[in-house]
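K.L.:
Got a sequence here, can you build the structure:
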Amino acid sequence: MPMDAASIEADIEADVVVVGGGGSGLAAAIEAARLGREVVIVEKNPQLGGSTGWSVGSISASGTPDQRRLGIADTADAHFEDMGKFAAHLRRPDNLALRRLLVENVTETVAWLRSLGVEFLGPFEEPPHRVPRMHIVLPTSRSYIWNLSRHVRSLGVRVVVNARADRILRNSGRVVGVEASTPEGARRRFLAHSAVVLAGGDYSGDPELKERFASREMAAVPAVNRTATGDCQKMVMEIGGAVLNGDLLLGPVLRFVPVPRRNFLHRVPPHRIVTRSMKWGFGRLPDAVVRPFIMSFMTTVLGPSPELFDAGALLVNRRGERLVTATPGDLGYTIARQPEQQALLVFDQTVAEKFSAPPHFISTAPGVAYAYLPDYRRNRSDLYYQAPDISSLAARLGMPESVLAASIAAHNDGLAAAAPSTNRAPIPPCGRPPFHALGPIQSYVVLTEGGVRVSPRLEVLDGTGTVIPGLFAAGSTGQGGLLLEGHGHHLGWAFTSGRIAGRHAATAADGATARDAALVT
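P.N.:
This is a model prediction of the structure:
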């Protein structure tokens, strides 16, 4: 069982100290422990998981047994080339050494995850990948944390929770540990005989860093993982390190709010027997059996298609006021400024019928499946509303009838005014009963790309490019200028970089050690 930092009185010493208990941190701890090193994980939350536990769960990899089973020939070189196509629109340098590190090791990472009990479905297509490479975890991303946590315990790795690392400790220039605070404000020291691995994730949940690297508007947009506050990036900058690509963020992205209660996917233990049975079923059971399972996932983690707005749907806030933006890209910022930072999608029966069957979908996971309105009606009753008239819909949504009616009227007037000046067919007004609503919808920053500068061995570098002895970084913290566009590359990097950083940290030459604690600065 994890130790609570509040119960610790003396310094904790280990060969390797890992900061962060998400996917990259767990991978680093496992690899270091497998090499016979004593390891401690320092996690600021009450439980392990990090952003990995919030993710969709895909990993893109080449040369996997899954590909070969389907007759797909693929190589790391081809994967390397295709990753460049994903990032071409960014028009900035990529860290090609780290990209090469990822594509040449992620295949073995997928095999390693399987050896720990994780199972995948796929691979699925996602252009511009030339062949299907996207492997989806079964049943959800919780499988990663469940299986890796069990292995961490079996290896005797100590886990300390409720400890927020905020200061790097050094002796004669070498990193020898970190200092952390508890929720009560107490201070704790974790001292490393060999090295420290920083795996604390990104800073999507930190307004200060989002404003510093992106904009004040972006700072106000909440994060999917609100505890991803860039603690490791801040510590590295304090000792002279640098963050690369700090201005690159995925957001604001519209998503339906999370399911209010745990569904079947979150209750079933992701044991190897369960996940392998699921995989067997996907390939053999009829679509009528498989589709409800896929939809219970699809309607849990995704957001509305922009095509809904082109078809005549409108967004209103919790008071029923219509949300209008100058450009579609501003919509996420607008929602973030609303009461409770929420909006609702309102539409009539014409739109409802259009998005009840192919080719018009409410949401999609690329290469996996499409979700339509009946799927949301069945799987997310907490999000779906229907009423015979606007007055009844307003009552169901808890907003003034007059405000919602005025918003719909203004929306229809805008459509009528715009129709003559466009080349496309006019959008029908929102007026055919019954009326529908989906939501709440929130805008989120899903992740930030800014990672500290690292070497190909994942050693943290200072501003001059010199190695900071005893310090490694992995996952989003150690992304170091690597462009990870496309689905499945962030998780692939998290586990792959975590494993590599853990191995190098375990074998780092001893310099100043934890026994020199009196000299630590």
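
K.L.:
For the helix or strand where Ala406 lies, name the packing helices and strands.
P.N.:
Element membership of Ala406 [criterion: DSSP states H and E] is helix 401-418. Applying 3 or more Cβ pairs under 8 Å, 6 or more residues apart in numbering; DSSP states H and E, we find helix 401-418 packed against strand 314-317, strand 343-347, helix 390-397. To be clear about C-beta, it is placed using only N, CA and C from the backbone, and glycine gets the same treatment.

K.L.:
Now it: buried residues?
P.N.:
Residues of helix 401-418 classed as buried: Glu401, Val403, Leu404, Ala405, Ser407, Ile408, His411, Asn412, Leu415 (neighbour count, 16 or more other Cβ atoms under 10 Å).

K.L.:
ok, so what distance separates the nearest residue to the third one once chain neighbours are set aside from Thr64?
P.N.:
Put plainly, it is Leu404. Setting aside the residues directly before and after it, Leu404 is nearest to Gly320 in space (Cβ to Cβ, 6 or more residues apart in numbering), at 3.9 Å. Using Cβ to Cβ, to the nearest Å, one gets 50 Å for the distance from Gly320 to Thr64.

K.L.:
List the buried residues for the lengthiest helix in the chain?
P.N.:
Using DSSP state H to define each element, the chain has its longest helix at helix 96-115. Burial within helix 96-115, assessed by neighbour count using 16+ other Cβ under 10 Å, is assigned to 98-99, 101-107, 109-110, 112-114.

K.L.:
And the contacts of it?
P.N.:
Outside helix 96-115, the residues that touch it by Cβ atoms under 8 Å, 6 or more residues apart in numbering are 59-65, 76-77, 79-80, 83-84, 120, 135, 144, 147, 454, 456, 479-483, 489, 492-493, 495-497, 499-500.

K.L.:
Quick one: mean pLDDT for the helix or strand that comes right after that helix?
P.N.:
Toward the C-terminal end, the helix or strand that comes next after helix 96-115 (DSSP H and E) is strand 119-124. For strand 119-124, mean pLDDT is 90.

K.L.:
which helices and strands does strand 119-124 pack with?
P.N.:
In terms of contact count using 3+ Cβ pairs under 8 Å, 6+ apart, strand 119-124 is assigned the packing partners helix 65-69, strand 134-138, helix 272-284.

K.L.:
Can you mark which positions in that strand are buried?
P.N.:
When neighbours are counted by 16+ other Cβ under 10 Å, the buried residues of strand 119-124 are found to be Glu119, Phe120, Leu121, Gly122, Pro123, Phe124.

K.L.:
Partner strands of it, with direction?
P.N.:
Based on DSSP bridges, the strands next to strand 119-124 in the sheet, each with its direction, are strand 134-138 (antiparallel).

K.L.:
any low-confidence regions in this protein?
P.N.:
Along the chain, the parts satisfying pLDDT under 70 run over 260-268, 282-301, 326, 328, 365-368, 419-424, 509-521.

K.L.:
hmm, try it at 80
P.N.:
Applying pLDDT under 80 to the predicted model, the residue ranges of the chain that meet it are 1, 56, 259-302, 326-329, 364-369, 418-425, 509-521.

K.L.:
Sheet-wise, list the partners of the longest strand seen in it with their directions.
P.N.:
Of all the segments of type strand in the chain, defined by DSSP state E, the longest one is strand 187-198. The strands beside strand 187-198 in its sheet (DSSP bridges) come out as strand 12-19 (parallel), strand 174-181 (antiparallel), strand 467-473 (parallel).

K.L.:
Any chance of a markdown table for the ones you listed, columns distance to Glu43 and mean neighbour count?
P.N.:
Rendered in a markdown table, the data for the strands paired with strand 187-198 read as follows (distance: least, Cβ to Cβ, whole Å; neighbours: other Cβ atoms under 10 Å):
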| stretch | distance to Glu43 | mean neighbour count |
| --- | --- | --- |
| strand 12-19 | 8 | 27 |
| strand 174-181 | 10 | 25 |
| strand 467-473 | 16 | 26 |
